[in-house]
Each structure stands twice: as C-alpha cells, then as structure tokens.
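Q: sequence first, predicted model second:
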Amino acid sequence: MKLIDPIVEFHSELQRIRRDIHAHPELCFEENRTADVVAEKLTEWGIPIVRGMGVTGVVGIIQNGNSKRAIGLRADMDALPMQEINTFEHKSRHAGKMHACGHDGHTAMLLGAAHYLSKHRNFDGTVYVIFQPAEEGGGGARKMMDDGLFEKFPMEAVFGMHNWPGAPVGTFGVTAGPMMASSNEFHVTVKGQGSHAAQPHKSADPIMIAVQIAQAWQTIISRNRNPLDAAVLSITQIHAGSATNVIADEAELVGTVRTFSMGVLDMIEKRMRAIAEHTAAAFDAEVDFRFKRNYPPLINHENETRFAVDVLRSIVDSDKVNDHVEPTMGAEDFAFMLQEKAGCYVFIGNGEGTHRMAGHGLGPCNLHNPSYDFNDELLPLGATYWVRLAESFLANK
Ligand SMILES: [Zn+2]
Ligand SMILES: [Zn+2]
C-alpha cells in the first residue's frame, strides 16, 4: 500500500476525531455537534468554510493556483436511531443513537484528506470537501443540492465512498453503471365494507382483496419485468382486522420496491397501481394508493469510474481493486448528486470485524448492526485515496 506519510503520521489524531464522533452520534439534520467538530477542524487548518447547507451541512474550500477546475469529495455525518450494544470506551453516549453505518469514519477520512490538502496544495484548482447530513433516509444530499451546492460551488465531478464490512482491509469495490438501487415505499389501503363474519355476503372483504392484490403484484416481477433487469417488490406488512367474528372495513399493504433504473421503477409503480385499483374495483371496493420515491438508483459514470480505479490502483495492488463489484439492492442518497454531476462512488473494505476492541457486542460487524464499529485502520487509506484522487484530477498541466 502506498499511503501518504504525513497522513499516516496524523493517524492517531484522525482516530481520536473518529471515536469522538462515534461517541456522540446525531440523527438526520441534527448533526450540530458533528458539524461543529468538522467546522472547527477545517477552520483550525486554515480552510474557508460555508455552513448550514442542507440544515447542518458543511463545505470546505481548498484552493490553489489559477485553474478554474474543481472537484467535490463527499462524506456523510449522520448516525442511526438504534441502540449500540458495544461497551468499549468510545461507545455511544446517547441512548438509542449509534454510528452503525460508519459515517463517523467517512467524516474522519475526509477530514484527514482536507488536513493534508490544506498543508501541501499539490494541485491547481479547487477541492470542495462536502460534509453532508441525513444520508440515512433524510436525503441530505438532495437538501444540500436544493440549497445550491452545485451552483455556489461549481465542480466538474463529485466522488463518494462507503466502508464495506466483509471485504478485506486494503481492497476496494466499484463498478461503472448501476451500483446501488432506487429505494421506494408503498402504503396501499384497501377500503372495503365490514360486516359480521357470519354474514360475509353483506361485506366487501378487504382482506380477500388485499391477498389477491399481493399475489398479483408478484406477477409484475415475474411477467412484466425484463428478466435481465434486477428488481425487488417486497410486501413487508399487512394490517387488517381486530376480532375473530368481524370482517374489517380496511386492509393495508406496506412494503418496498428496489430497482436499478428509473424506467423499471416507472413500470412497476404503474402496474402496481393498475392491479390494485382494478382488483379492488372488481370486488366493489376502492384503494388509497400511495407510492413514495425515496432515493434514485446510484449510477456511476463511466469515465470517472475508470479514473477512480486508476487512482486506487496507484495506491493498492491492481488485484485489490474489483472494478466489477456486484451491485447491491441497498440505497444511498449520493445517487442524487450523480444524477446531476459526473462522478463515482466506491466501497472500501472494512474487514471481517476482528479490529473491534474488547467489549464489542455479540453480533457481526455488519452495517446497521448494534455491534458494528468502523475500522480505524482505514483512516489513512481512505484519506490517501481522497488526496490522490483530487491531486490527479487537478494535476498541473
Ligand atoms: Zn446506513
Ligand atoms: Zn451509510
């Protein structure tokens, strides 16, 4: 591994920052203390900042030379509403909140890069370091864009990175094209007619109708979708009724849809609505159909992905960078940025969990698991990637 020496020497400070953020997790759009830490550090290192974009977002501006060229590097700062079961020293101080997705580490890695870039400035142009709020469901990336991120800070391309548990430390995964799925939720209420359960002929039984809709929806995946397009339609809740001898008035179907393209998503939503409405109509009932699009699919751009892979292969051995990593049906709001800007998002291996200190919980070191912890060994590696990416992108010509 060709790590940058001054960043390696800064490792203990980055680890201290990472663990401090881990101990003080904050949820979507409440990242006030975390943003304070980021702002203080950037200011201490002489980096001008703009605060308050997307409520708690922070952007640092690192400039050198005369070039108008610019690149954006993005990290997320928020934690999850879950209880940590680790008991090591830097465990969460806030009940019911936890950095179980490693955004504490993402923030620290980008700070490490900002520190080095501000001291060495071996590039011509501007590096924007973007610390965004609310990745976990709040769409903080979208909110920063709505607040003018790309207008106030014009950049040619934007890059993101997420730790990936299970992949060895020192490895990276990336692929051009779709890498993570669109995330969408539906809440569909069948409005029938309740009755005494012994007098079903006086009802329009919403449970029978909901069951027919649930089954017919699966034909969207098996009959309407091109088998070469990945898609998930999962019904995760069915609610109806309250007694053994009462036919309910309503039944509710709730769940999620995931796709790698907007076209497939459009088709699924349209077919779900048609099946729900027409099935209900066939049984003299109605539906309230609500479909919410949360995050779009994350689609890496071809050229920027090739560029990122080349940079990664200048840091670790070529075979440590899987440039055709299997996409995941998980979602990520960096997808919004890649809809408007060229760029690329990579996974950095977080290891199998053996890095965790004594006192970690019984569970695996997986994302969103209560015994997860970010691997501090990654701090200099991730920061080195950010620096080399920016320096190569803005290389003196
Ligand atoms: Zn997460
Ligand atoms: Zn995450």
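A: Now that the structure is in, tell me what you want to look at. Ligands and ions are numbered 1, 2, ... in the order given.
Q: which parts of stretch 311-329 are buried?
A: Burial within stretch 311-329, assessed by neighbour count using 16 or more other C-beta atoms under 10 Å, is assigned to 311-312, 315-316, 320-323, 325, 327, 329. Glycine gets a C-beta too; all of them are placed from N, C-alpha and C.
Q: closest to H11 among these?
A: For the buried residues of stretch 311-329, the closest approach to H11 (C-beta to C-beta) belongs to I315, at 15.8 Å.
Q: on that earlier part again, just the ones of the buried residues of stretch 311-329 in strands?
A: Assigned to strands by DSSP state E, the following of these qualify: 321-322.
Q: now tabulate the buried residues of stretch 311-329 in CSV and tack on distance to Q199.
A: As requested, the buried residues of stretch 311-329 are arranged in CSV below (distance: C-beta to C-beta, whole Å):
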residue, distance to Q199
V311, 71
L312, 68
I315, 73
V316, 71
K320, 69
V321, 67
N322, 62
D323, 65
V325, 58
P327, 52
M329, 45
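Q: which stretches of this structure form helices?
A: In the chain, the segments counted as helices under DSSP state H are 5-9, 11-23, 32-44, 103-120, 140-146, 149-152, 206-219, 262-282, 302-313, 334-340, 378-393.
Q: is A23 in contact with N86, as I believe?
A: No - under the criterion of C-beta atoms under 8 Å, A23 is not in contact with N86, lying 10.7 Å apart.
Q: verify the contact between A230 and L265 for me.
A: No - using C-beta under 8 Å, A230 and L265 do not qualify as a contacting pair, with a distance of 11.6 Å.
Q: shared neighbours, these two?
A: Common neighbours of A230 and L265 are listed as T259 (criterion: C-beta atoms under 8 Å, 6 or more residues apart in numbering).
Q: and the spatially most central residue of the chain, what does it touch?
A: In the chain, the residue lying closest to the centroid (C-alpha atoms, centre = their mean) is E332, at 2.6 Å. By C-beta under 8 Å, 6+ apart, E332 lies in contact with 135, 160, 162, 180, 295, 298, 345.
Q: over to I4?
A: Counting by C-beta under 8 Å, 6+ apart, I4 touches 116, 380, 383-384, 387-388.
Q: so between A230 and L265, which is more surrounded?
A: Neighbours of A230 and L265, each counted by other C-beta atoms under 10 Å, are more numerous for L265; the result is 21 against 17.
Q: for the more buried one, which residues are in contact?
A: The neighbours of L265, taking C-beta under 8 Å, 6+ apart as the test, are 182, 184, 257, 259, 293, 297.
Q: where does this structure have low pLDDT?
A: Applying pLDDT under 70 to the chain flags the ranges 396-397.
Q: the closest residue in space to Q132 that isn't next to it in sequence - how many residues pack around it?
A: In space, Q132 comes closest to G140 once its chain neighbours are excluded; the distance is 4.6 Å by C-beta to C-beta, 6 or more residues apart in numbering. Here the neighbour count serves as a burial measure; for G140 (other C-beta under 10 Å) it reads 27.
Q: which ones are touching G140?
A: Listed by C-beta under 8 Å, 6+ apart, the contact set of G140 reads 28-29, 54-55, 57, 76, 78, 132-134, 333.
Q: which one of the residues you listed is nearest N375?
A: Using C-beta to C-beta, D76 is the member of these that sits closest to N375, with 16.9 Å.
Q: quick one: the closest one and H103 touch, right?
A: Yes - the pair D76 and H103 passes the contact test of C-beta under 8 Å, sitting 4.6 Å apart.
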